[in-house]
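>>> Sequence first, predicted coordinates after that:
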Amino acid sequence: MPRRPRLALANVPLHLIQRGNNRQACFFADEDFLRYLEWLEEYAAKSGCCIHAWVLMSNHVHLLLTAHDARAPGVLMKSLGQRYVQYVNRVYRRSGSLWEGRFRSCLAQDERYLLLCQRYIELNPVRAGMVEHPAEYRWSSYRANAQGEASPLISPHPLYLSLGRDDEERRAAYRELFRYELESGAVDAIRDATNGNFALGDSRFYAQVSAALGRRVTPGAPGRPKRSDAPESLDLFSAG
């Protein structure tokens, strides 16, 4: 069965995840994290991708970005992935695949889900039980977005910039978002959309993306379609 093509649109935020093969480690030392981030910055600039949030875990990567060209995320991840694999194989004297196939992703509605995705990404080390607060984890964008740590990699989204009149106000408002854990329903929605390569948003967003791409952007209803002698009004964008 052919692989279902990813959802991709220019100027629409994209949350993506790439895992290590068989969920095995892909970062082994601080130098590995640093090299990955160095090349992420380089290839993001070359491909025209603006990175809003990121986290590097021991065996997977989360990114939240907006691209000026729908093909750019694929170009970014291919170039970055190949270079990083070459580095790991050379340094650790290994061979073969490092990544678990293609990255998975979802288009995210900015006004409702962009900051939710940022929190989801930067809270990943907390959910994993590695730290009690995201500021304690070195390999994420939290310190840049919430505390003003210098980062040439981060390009703030306009929604983040709207949190305050200046940098101090924005960071304070952003930190306030982390006073509470994400609801389990929100976590599940982000995971399901990302793992399934669907859209993440409301029915209006689903309709807009579906019209732009000419395809279904949410999971289909389970089972066979019901037969009817009369046409019915269908909600094409229900999660099912």
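Received the coordinates, thanks.
>>> contacting residues around the closest residue in space to P158 that isn't next to it in sequence?
Nearest non-adjacent residue to P158, counting by C-beta to C-beta, 6 or more residues apart in numbering: D110, 8.0 Å away. C-beta coordinates here come from the backbone N, C-alpha and C atoms, glycine included. The contact partners of D110, by C-beta atoms under 8 Å, 6 or more residues apart in numbering, come to V12, P13, H157, P158, L159.
>>> I'd like the distance between D110 and A67.
13 Å (C-beta to C-beta, to the nearest Å).
>>> what's the answer for R175, then?
Distance of R175 to A67, given as C-beta to C-beta: 28 Å.
>>> what's the burial count for the residue nearest to N89 when sequence neighbours are not counted?
Of all residues not flanking N89 in the chain, S95 sits nearest, at 5.7 Å (C-beta to C-beta, 6+ apart). Neighbours of S95 under the rule other C-beta atoms under 10 Å: 8.
>>> Surely S95 touches Q86?
No: contact status for S95 versus Q86: not in contact, 10.7 Å apart, counting by C-beta atoms under 8 Å.
>>> The protein: helices as residue ranges?
Applying DSSP state H to the chain gives helices spanning 30-47, 72-91, 110-122, 124-127, 142-147, 158-161, 167-176, 184-196, 203-213.
>>> JSON lines for those helices, including distance to L7 and mean pLDDT?
JSON lines is the format used below for the helices of the chain (distance: least, C-beta to C-beta, whole Å; pLDDT from 0 to 100):
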{"stretch": "helix 30-47", "distance to L7": "18", "mean pLDDT": "98"}
{"stretch": "helix 72-91", "distance to L7": "11", "mean pLDDT": "97"}
{"stretch": "helix 110-122", "distance to L7": "14", "mean pLDDT": "95"}
{"stretch": "helix 124-127", "distance to L7": "22", "mean pLDDT": "97"}
{"stretch": "helix 142-147", "distance to L7": "25", "mean pLDDT": "98"}
{"stretch": "helix 158-161", "distance to L7": "20", "mean pLDDT": "97"}
{"stretch": "helix 167-176", "distance to L7": "27", "mean pLDDT": "98"}
{"stretch": "helix 184-196", "distance to L7": "9", "mean pLDDT": "95"}
{"stretch": "helix 203-213", "distance to L7": "6", "mean pLDDT": "95"}
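>>> Dig out what W54 forms beta bridges with.
Beta-bridge pairing for W54 (DSSP bridges): L63.
>>> was I right about it contacting A44?
No: look at W54 against A44 with C-beta under 8 Å: they stay out of range, at 9.8 Å.
>>> Need the overlap of contacts for these two.
L153.
>>> re earlier: nearest to H133, out of the helices of the chain?
Among the helices of the chain, helix 124-127 comes nearest to H133, with 6.8 Å by C-beta to C-beta.
>>> And that closest one, what's buried?
N124, P125, V126 (16 or more other C-beta atoms under 10 Å).
>>> So what's the gap between it and the chain middle?
15 Å (C-alpha atoms, centre = their mean, to the nearest Å).
>>> and that helix, what does it pack onto?
Helix 124-127 is packed against no helix or strand, with contacts defined by 3 or more C-beta pairs under 8 Å, 6 or more residues apart in numbering; DSSP states H and E.
>>> so how many other residues sit close to R23?
By other C-beta under 10 Å, the residues close to R23 number 11.
>>> Not including adjacent chain positions, what is the nearest residue to the residue most central in space within the chain?
For the chain, H15 is the residue whose C-alpha lies nearest the centre (C-alpha atoms, centre = their mean; 2.2 Å). Excluding its sequence neighbours, the residue lying closest to H15 (C-beta to C-beta, 6+ apart) is C117, at 4.7 Å.
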